[in-house]
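Visitor: what's the 3D shape of this:
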Amino acid sequence: MLVKVYGSAVFGVEATTITIEVNIDRGVGYHLVGLPDNAIKESNYRIAAALQNNGYKIPGKRVTINMAPADLRKEGSAYDLPIAIGILAAASKIGIEKLNDYVIMGELSLDGSLQPIKGALPIAFQAKQEGFKGLILPDQNVKEAAIVEGLEVYGISNIKELIGYLNDEISLERRIVDTAQEFYKGLDFPEFDFSDVKGQESIKRAMEIAAAGGHNIILIGPPGSGKTMLAKRLPGILPPMTLGEALETTKIHSVVGRIQNDGLMVHRPFRNPHHTISDVALVGGGTYPQPGEISLSHNGVLFLDELPEFKRSVLEVMRQPLEDREVTISRAKFTITYPSSFMLVASMNPSPGGYFNDPGAPVTSSPAEMQRYMSKISGPLLDRIDIHIEVTPVPFEKLSEERKGESSTVIRERVIKARKRQISRFDEYPNIHYNAQMNTRQISRFCELDNASKKLLKNAMERLSLSARAYDRILKVARTIADLDAVGKVNGNHIGEAIQYRSLDREGWLG
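Guide: The predicted structure follows:
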């Protein structure tokens with residue numbers, strides 16, 4: 001008897017429906033075809049034990065299983081459940097009337113219980129798109145998959161529950177999640193607040209500008225000056241994610257199995273990889289491609305602490321994703337694209353010892369040592385960082401103050417208002433949402449300067465020996481400062497402040 005059961009395979013952040021065809025005929029043998037990986041090939045041992053421990057067994061006949069489309073590689077242990085159900089259905093042990101209505105996924109333990117799977121959310125989206133009535137999967141993934149409205153989602157803890165449901169012996173409880181309610185309920189404020197930061201008002205201002213315009217930022221300062229503390233608070237002043245952004249972000253984290261019982265992600269991700277990370281772990285890929293840290297930071301913040309300590313090859317692979325806001329993984333037989341629109345926040349010491357040009361410091365470095373240290377970061381990478389800001393140590397008077405600083409809630413309100421102005425401005429450009437995404441044409445259109453501002457910028461570039469690449473960056477940042485001030489046209493004050501945020505472009509900055 002031939003039976004078809006439906007599963008799903010995840011490639012990139014999208015899913016593809018897999019038809020699992022099970023045929024039982026006269027003879028002896030167990031044949032599994034359709035480009036399965038080792039985890040799937042080993043499934044017959046798990047399935048045999050799980051069925052045996054629940055009162056069933058694989059029939060002693062020739063069992064042929066095909067996973068179609070046969071030219072698409074399948075991987076992972078999540079096909080255990082649909083294969084087991086297909087075998088039972090083909091052996092006439094369970095009813096087959098409901099099989100065409102559902103996508104079924106789950107990894108079996110030897111006692112028949114189910115382990116969670118990866119990619120439940122994209123699987124649910126695909127099942128709804130292809131007109132399936134519902135999705136049956138492990139309990140641990142049900143909240144994640146139920147985010148998709150219009151699809152019946154059922155969670156089970158053991159294969160026996162599914163067998164009982166298909167035989168009309170029991171009913172399963174449908175899990176319903178009000179996606180909008182979950183989204184708005186989860187918009188409570190994050191735990192890190194700028195009011196906890198003593199002093200550093202100029203740095204807070206720079207980070208507010210970075211958040212308002214989506215600008216990448218690098219913080220340069222000695223150890224203990226507060227660089228990491230400030231970076232961790234940046235997501236708290238970014239505008240809340242839209243429902244669309246939340247679904248997109250959740251889908252990426254679902255692919256790597258980081259969601260499960262958490263359901264919809266409502267806070268912007270903050271990723272902080274260690275400097276020993278490999279280029280594949282950062283950008284994504286591998287034998288079976290997975291999203292890297294830059295994709296896991298999509299719609300959020302990627303924080304690279306001690307930037308010069310990262311391998312140069314690791315930093316260089318970020319250049320294309322920073323520009324295109326997506327990363328493409330190419331293999332001989334397929335190509336996968338992951339979204340990677342993130343804010344880069346980097347920090348570094350000004351020298352190997354950390355205290356360059358400070359005569360009272362415990363460790364000092366020569367200008368030549370500092371030059372070698374700074375040269376680890378390439379010009380093209382710095383070219384993609386709009387704001388460079390020097391962080392100085394906080395004096396005792398500020399540290400001992402009991403007065404709280406401005407809270408993240410207040411700063412975020414200003415950022416949201418500035419972002420709304422940008423969304424309105426770029427309404428006719430579907431791929432541009434904030435100032436950092438502007439190209440040369442939009443800069444010319446939206447950052448017009450009067451003669452006095454042009455003269456100020458010209459004098460600054462000549463006197464401070466600013467590089468040519470700083471020109472567009474200064475205009476973008478000035479446009480954001482004008483938006484925070486609710487001013488329609490960029491003026492000299494905005495240009496003057498933006499010039500201060502290009503420290504690393506100044507010749508002679510090294511001492």
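Visitor: Going by neighbour count, which residues of the lengthiest strand in the chain are buried?
Guide: Ranked by residue count under DSSP state E, the longest strand found in the chain is strand 14-25. Neighbour-count burial for strand 14-25 flags 14-18, 20-24 (criterion: 16 or more other CB atoms under 10 Å). Any C-beta I mention is one placed from the backbone N, CA and C, and that applies to glycine too.
Visitor: Using the three-state scheme, assign Phe303.
Guide: What DSSP: H, G, I helix; E, B strand; the rest coil gives for Phe303 is strand.
Visitor: With respect to Val33, which of the buried residues of strand 14-25 is nearest?
Guide: Glu21 (9.6 Å; CB to CB).
Visitor: beta partners of the nearest residue to the closest one once chain neighbours are set aside?
Guide: Of all residues not flanking Glu21 in the chain, Asn66 sits nearest, at 4.5 Å (CB to CB, 6 or more residues apart in numbering). Taking DSSP bridges, one obtains Glu21, Val33 as the residues bridged to Asn66.
Visitor: Check the burial of Asn66 by counting its neighbours.
Guide: 17 (other CB atoms under 10 Å).
Visitor: show me what contacts it?
Guide: 20-21, 23, 33-34 (CB atoms under 8 Å, 6 or more residues apart in numbering).
Visitor: What pLDDT is listed against it?
Guide: We have a pLDDT of 96 for Asn66.
Visitor: same check, this time on Thr249
Guide: For Thr249, the model assigns a pLDDT of 92.
Visitor: picking up where we left off before, adding pLDDT and distance to Asp178, write the contacts of Asn66 out as JSON lines.
Guide: Shown next, in JSON lines, are the contacts of Asn66 (pLDDT from 0 to 100; distance: CB to CB, whole Å):
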{"residue": "Ile20", "pLDDT": "97", "distance to Asp178": "33"}
{"residue": "Glu21", "pLDDT": "97", "distance to Asp178": "37"}
{"residue": "Asn23", "pLDDT": "96", "distance to Asp178": "42"}
{"residue": "Val33", "pLDDT": "95", "distance to Asp178": "43"}
{"residue": "Gly34", "pLDDT": "94", "distance to Asp178": "38"}
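Visitor: Any chance of the residues you listed in TSV with distance to Ile389 as columns?
Guide: Below are those laid out as TSV (distance: CB to CB, whole Å):
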residue	distance to Ile389
Ile20	56
Glu21	61
Asn23	66
Val33	59
Gly34	55
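Visitor: Now stretch 233-249: buried residues?
Guide: 233-241, 245-249.
Visitor: Spatially central residue for this structure, please.
Guide: The geometric centre of the chain, computed from its C-alpha atoms, lies nearest to Leu296 (CA atoms, centre = their mean), at 2.4 Å.
Visitor: about what we covered before: okay if I get the buried residues of strand 14-25 as TSV plus distance to Leu110?
Guide: Converted to TSV, the buried residues of strand 14-25 look like this (distance: CB to CB, whole Å):
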residue	distance to Leu110
Glu14	32
Ala15	28
Thr16	29
Thr17	28
Ile18	24
Ile20	21
Glu21	25
Val22	21
Asn23	26
Ile24	23
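Visitor: Quick check: of the residues you listed, which lies closest to Arg268?
Guide: Nearest member of the buried residues of strand 14-25 to Arg268, counting by CB to CB, is Glu14, at 22.5 Å.
Visitor: mind giving me the domain ranges of this structure?
Guide: 2-177, 194-430, 438-511 (automatic domain parsing).
Visitor: Next, the distance between the ends of stretch 62-77.
Guide: 23 Å (CA to CA, to the nearest Å).
Visitor: If you could redo that for stretch 320-331, that was the one I meant.
Guide: Stretch 320-331: ends 18 Å apart by CA to CA.
Visitor: Go through that stretch and flag the buried ones.
Guide: For stretch 320-331, by 16+ other CB under 10 Å, it's 321-322, 327, 329.
Visitor: so which of the residues you listed would you say is closest to Val28?
Guide: The nearest member of these to Val28, counting by CB to CB, is Ile329 at 42.3 Å.
Visitor: Any idea what the closest one is bridged to?
Guide: Under the criterion used (DSSP bridges), Ile329 bridges to Ile336.
Visitor: can you give me the strands for the stretch 51-200 of the chain?
Guide: Taking DSSP state E, counting those that start in this stretch as the test, the strands found in the stretch 51-200 of the chain are 62-68, 102-104, 107-108, 114-115, 134-138, 152-156.
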